[in-house]
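Engineer: Quick one, what's the 3D model for this:
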Amino acid sequence: MSRVLIVGAGLTGSLCACLLRREMQSKVQIVVWDKARGAGGRMTTSRPPDPSCSSVDLGAQYVTATAAYSQSHHSFYSELLSSGVLQPLDSLIEGLRQKDGNKDFMTPLGMGSLVKHFLSESGADLFFEHHVTGLFRRGASWEVQRKAGGSETFDAVVLTMPVPQILQLQGDVGQNVPGRGPSLVVHTSVPFGVEHLEKEKDDVQPIILQELQKLLPDLPEPTSVKCQKWRYSQVLTSVPDCPGQMTVLDRPLLVCGGDAFSHSNFDGCVESALSMLSVLKSSL
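Structural biologist: Below you'll find the model as predicted:
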């Protein structure tokens with residue numbers, strides 16, 4: 001039985017694990033590591049400590065399917081709709097430029113539920129707070145080291161974290177619930193993020209709240225506030241020609257994937273997962 005490690009419990013990683021399980025059944029052991037305390041990546045749903053407050057999506061807010069992807073990825077959308085993970089988004093989104101043929105969807109239980117659906121389908125061994133720091137070739141296998149210490153060996157490794165994090169690795173690889181109050185998400189601009197990237201969240205949060213007060217002077221005092229800093233956010237420039245994956249080494253297999261190798265949305269992650277699945281099937 002081949003042992004495969006998928007690093008990153010976001011959309012691409014969870015979908016890759018799901019597809020690999022469906023294709024290879026019991027012929028492969030799938031392990032998923034993520035450095036965070038929960039699954040989701042940039043589709044994370046945060047649960048506030050106060051039960052009277054709603055949960056909130058910190059990254060992606062909804063899913064848009066173009067006419068082309070509605071057809072080519074029909075099976076994925078059909079699965080998510082029939083399971084109740086996705087629902088059509090019928091309300092208008094202010095500022096969104098609608099295009100003919102596009103379909104918008106929302107997640108009643110938060111965007112994180114989309115990732116958790118595919119993880120559940122994968123039957124993978126899931127481990128959180130497993131921060132990968134290095135990959136080392138050991139014959140026909142990879143020894144993968146963790147920040148907390150210790151290492152494990154795998155026949156193949158799939159990296160789905162942001163490219164800047166891949167490049168830092170050491171080793172041999174260069175909805176509102178009734179009765180709850182509403183939640184409000186404020187996204188800052190790219191220039192603002194660049195300017196304040198290295199500052200502490202406690203120093204930036206008052207600036208954001210001050211600007212919010214100017215925009216919405218009648219906004220009541222929040223019950224709780226969570227300031228989220230995305231050091232690696234939406235991909236601005238992807239790998240040329242968007243191959244979906246990059247095979248760094250054939251034996252032992254090391255594959256990189258994610259939206260940096262495709263395009264930064266739901267369907268881009270689907271394309272990347274399908275591309276990595278093809279490579280994994282050929283090798284394993």
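
Engineer: so which helix or strand takes in Cys16?
Structural biologist: Here Cys16 sits within helix 11-24, counting by DSSP states H and E.

Engineer: can you check Glu271 too?
Structural biologist: Counting by DSSP H and E, Glu271 is found in helix 266-283.

Engineer: how far does that helix sit from the chain's center?
Structural biologist: 15 Å (CA atoms, centre = their mean, to the nearest Å).

Engineer: mind saving the C-alpha coords of that helix as PDB?
Structural biologist: C-alpha atoms of helix 266-283 as PDB (Å, rounded to 0.1, in the frame of the first residue of the first chain):
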ATOM      1  CA  PHE A 266     -13.100  27.300  -6.500                       C
ATOM      2  CA  ASP A 267     -12.800  26.000 -10.000                       C
ATOM      3  CA  GLY A 268      -9.100  26.700 -10.100                       C
ATOM      4  CA  CYS A 269      -8.600  24.500  -7.100                       C
ATOM      5  CA  VAL A 270     -10.700  21.800  -8.800                       C
ATOM      6  CA  GLU A 271      -8.600  21.900 -11.900                       C
ATOM      7  CA  SER A 272      -5.400  21.700  -9.700                       C
ATOM      8  CA  ALA A 273      -6.800  18.700  -7.800                       C
ATOM      9  CA  LEU A 274      -7.700  16.900 -11.000                       C
ATOM     10  CA  SER A 275      -4.300  17.600 -12.500                       C
ATOM     11  CA  MET A 276      -2.500  16.200  -9.400                       C
ATOM     12  CA  LEU A 277      -4.800  13.200  -9.400                       C
ATOM     13  CA  SER A 278      -3.600  12.300 -12.900                       C
ATOM     14  CA  VAL A 279       0.000  12.500 -11.800                       C
ATOM     15  CA  LEU A 280      -0.600  10.400  -8.700                       C
ATOM     16  CA  LYS A 281      -2.400   7.700 -10.600                       C
ATOM     17  CA  SER A 282       0.400   7.400 -13.100                       C
ATOM     18  CA  SER A 283       3.000   7.100 -10.400                       C
END
